[in-house]
Structures are given as C-alpha cells and as structure tokens.
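Q: Here is a sequence with its predicted model. Questions after.
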Amino acid sequence: RSQHKDDNAVFLIVPSTETRILTTFGVDLWTPLDDALFGAVEENERVSDEEINHSTTCRRDSSPIMPIMPIMAVTDASKRTGKQTSRYYLCSDDIFDPSDTLFEHGGAVKSFIDDVLDSSAVQFTRSEHRQVTAEPVAAKSNVTVVTGNTFQSLVMEREEHTMLLMKQSTCGHCKRFSIFWNEFQTIIQALNWSSVINVCNIDVTKNDVPHPQIDAWDIPSVYYFPAGSKETPIEMTPKYDKGSIDAQYQYDEGLSWVTSGYDVVEWMMKQGKLDLELLASLDANRADSIDEVTSTRQ
C-alpha cells in the first residue's frame with residue numbers, strides 16, 4: 001500500500017468453506033471432485049497443449065484436476081471499465097517458495113502483487129477443454145467454436161475478417177439468435193465467401209475473451225474483427241432512435257432487430273471494411289450476389 005498509494009485495492013481473506021465466493025473468483029473446489037468421482041472428466045481426457053496453460057492454473061502434481069489451497073487471486077478491473085475483469089493467480093507452491101531471496105524482499109506474495117501492478121504477471125484465461133482435432137472445431141452449422149485459449153489463433157492471427165458471437169448455453173435470447181447466426185454462416189458458404197469471412201462463436205460461461213476492447217457481459221453480443229485491424233473490433237450495437245420516448249426500451253432490446261442472417265450480412269457490409277469486388281468475384285455463378293443480398297431485405 002505504501003508503494004502504490006494511487007492504486008485502489010480491496011484485500012479479502014476467504015475461507016475454503018465459502019465455496020460460492022471462491023467460485024466467483026475462479027477457484028472451484030467441488031467440480032473437480034465431482035468429475036473425479038463420477039467420471040465426467042473422461043470425455044475431456046485428450047486436450048491439446050494450446051488448451052492448457054500450466055503457468056496460470058494451480059494443480060496438485062498427483063492429481064492434475066485438484067486445486068490445492070491456499071491460492072492467492074488478484075482481480076483487476078481498473079483498466080477495463082465495463083469489460084471482463086483480468087485475473088491472476090499465485091499457487092500454493094509459489095506462496096511457500098523457500099527461496100531466501102524472495103523472503104528477504106517480502107516473499108512471493110509481494111513479488112506477485114508487484115508483477116500484477118507492473119503489468120508483467122501472466123493473466124489467467126478461463127478456457128474449456130475440447131477434443132483434439134487437426135482443424136478448428138466447428139459445430140454442425142460449420143460455425144467455428146472458439147475457446148479462451150484458441151481465441152488468439154482462431155480470431156486474432158487469422159487473415160480473414162472474423163465475426164464472433166458471444167453467447168451462453170442457457171440463454172434463451174442466445175438460442176434464438178443462434179438460428180440467425182447459423183443462417184448467416186450458411187449464406188457465407190453459399191456465396192463462396194468462407195475464404196474471406198470467418199464465422200465463430202464462443203460460450204462466455206466457460207471461456208474468457210482475452211481482448212481489452214470486448215464487453216462480454218451483455219449477451220448475445222456480436223463483434224466484427226476486420227482483417228488488418230483486429231485490435232479495434234466493431235460491436236454490433238442495438239438499433240434505437242435517440243429522440244424517441246421508447247429509446248431506452250429499444251436499446252434494452254439489444255440485437256432483437258436481427259431477424260435473419262441477411263441482416264448480419266447487410267450490417268457487415270455497411271461497416272465499409274469488406275472488398276465488395278473481391279466478394280463478387282468469389283461468387284462466380286452469380287455476379288450480382290451482393291445486390292441480391294442487400295435487395296433481399298428490402
């Protein structure tokens with residue numbers, strides 16, 4: 001506190017009996033035990049190296065699914081107002097590090113906090129485990145399924161324009177919107193635009209979205225990552241009339257204005273990031289494909 005007077009911080013000590021609070025901070029004691037007892041982990045035995053970030057998870061060597069207490073967690077929302085909170089973990093093995101050098105300078109805890117405040121600590125990314133496959137995982141609709149640990153490779157590092165839907169498996173509005181999202185992907189495939197536009201989704205109840213410009217709280221949410229400028233994604237926002245008496249209601253309706261996959265295509269074109277001539281050339285069988293897409297909504 002004396003060295004970081006300008007930083008607002010709250011320090012909490014949470015006993016292991018307060019499982020709900022621990023879960024809020026990403027420390028889940030019971031699910032691994034349930035999985036081990038009832039065999040629910042068998043379907044996820046084989047995962048890729050990319051899906052496991054050993055530097056940010058706390059596990060027993062003898063039981064890789066069981067976290068060991070105590071664990072120190074730091075959550076930081078100071079630079080991400082309205083966005084997902086950044087999380088950092090210090091595992092018990094590191095807390096009790098026998099190094100004399102660390103102890104003389106305040107121990108591993110002080111070193112960990114300094115690293116967080118100096119932005120040199122490794123941020124934890126929550127990510128579900130998926131089966132290993134040679135190609136990006138796709139649902140039956142051919143929409144690419146992204147996880148926290150594959151976000152960088154499947155979204156940020158790919159050269160295509162990327163459309164990302166953030167959803168929850170238990171969200172009714174998300175299930176309705178997924179119908180239009182699958183239709184959107186079908187349109188992209190039918191027009192032979194898949195080499196230019198990558199359609200993805202991510203379940204934010206199981207995965208973090210490691211991007212500083214993403215707000216994953218309001219769902220369903222859609223972000224467009226233009227090719228060449230993916231550091232500044234464009235959010236598909238609600239449509240509302242600011243001067244209307246019902247403006248707040250219209251805004252709260254979110255993406256309810258989307259009633260088909262064509263609405264998504266039209267919105268994407270209006271952002272001015274697509275090479276329309278290239279798209280037209282890809283659909284060799286129908287040179288007027290773009291006009292067809294836009295006129296369908298009229």
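A: Alright, I've got the coordinates.

Q: Show me which residues of stretch 197-210 are buried.
A: 197, 198, 199, 200, 201, 202, 203, 204, 207, 208, 209, 210 (16 or more other Cβ atoms under 10 Å). All C-beta spots, glycine's among them, are computed from the backbone N, C-alpha and C.

Q: which residues of the stretch 151-298 of the chain fall in strands?
A: Using DSSP state E, counting those that start in this stretch, the strands of the stretch 151-298 of the chain run over 161-167, 197-203, 221-225, 234-235.

Q: Nearest to residue 88 among the ones you listed would be which one?
A: Among the strands of the stretch 151-298 of the chain, the nearest to residue 88 by Cβ to Cβ is strand 197-203 (21.6 Å).

Q: For that closest one, which helices and strands make contact with it?
A: strand 144-145, strand 161-167, helix 172-190 (3 or more Cβ pairs under 8 Å, 6 or more residues apart in numbering; DSSP states H and E).

Q: ranking the ones you listed by burial, who's on top?
A: strand 161-167 (a mean of 24; mean count of other Cβ atoms under 10 Å).

Q: Endpoint to endpoint, stretch 153-163 covers what distance?
A: 14 Å (Cα to Cα, to the nearest Å).

Q: which parts of it are buried?
A: For stretch 153-163, by 16+ other Cβ under 10 Å, it's 154, 155, 158, 160, 161, 162, 163.

Q: Need the mean per-residue confidence for stretch 274-292.
A: Throughout stretch 274-292, pLDDT has a mean value of 73.

Q: brain fart, stretch 118-137
A: For stretch 118-137, the per-residue pLDDT averages 69.

Q: Tell me where the stretch 151-298 of the chain is predicted with low confidence.
A: 239-253, 284-298 (pLDDT under 70).

Q: thinking again about what came up before, among the helices and strands packed on strand 197-203, which is nearest residue 228?
A: strand 161-167 (9.1 Å).

Q: Are there helices or strands packed against the closest one, and which ones?
A: helix 172-190, strand 197-203, strand 221-225, helix 261-270.

Q: Quickly run through the sheet partners of that strand, with directions.
A: Strand 161-167 pairs in its sheet with strand 197-203 (parallel), strand 221-225 (antiparallel), by DSSP bridges.

Q: still on that earlier bit, could you dump the buried residues of stretch 153-163 to JSON lines with distance to residue 18?
A: Putting these into JSON lines (distance: Cβ to Cβ, whole Å) gives the following:
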{"residue": "154", "distance to residue 18": "36"}
{"residue": "155", "distance to residue 18": "36"}
{"residue": "158", "distance to residue 18": "42"}
{"residue": "160", "distance to residue 18": "45"}
{"residue": "161", "distance to residue 18": "45"}
{"residue": "162", "distance to residue 18": "40"}
{"residue": "163", "distance to residue 18": "40"}
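
Q: wait, residue 184 sits on residue 259?
A: No. Between residue 184 and residue 259 there is no contact, the gap being 11.8 Å when judged by Cβ atoms under 8 Å.

Q: ok, residue 172 to residue 267 distance?
A: 22 Å (Cβ to Cβ, to the nearest Å).

Q: same thing with residue 223?
A: Relative to residue 267, and taking Cβ to Cβ, residue 223 is found at 12 Å.

Q: How about residue 201?
A: For residue 201 relative to residue 267 (Cβ to Cβ), the value is 17 Å.

Q: again, but for residue 13
A: From residue 13 to residue 267 the distance is 48 Å (Cβ to Cβ).

Q: The two: who's more crowded?
A: residue 267 (20 against 5; other Cβ atoms under 10 Å).

Q: Surely the more buried one and residue 234 touch.
A: No. Counting by Cβ under 8 Å, residue 267 does not reach residue 234; the two are 9.5 Å apart.

Q: my read: residue 128 touches residue 147, true?
A: Yes. With contacts counted by Cβ under 8 Å, residue 128 reaches residue 147, the gap being 5.4 Å.

Q: Please enumerate the shared neighbours of the two.
A: Taking Cβ atoms under 8 Å, 6 or more residues apart in numbering as the criterion, residue 128 and residue 147 both touch 206, 207.

Q: Perfect, I'm done here.
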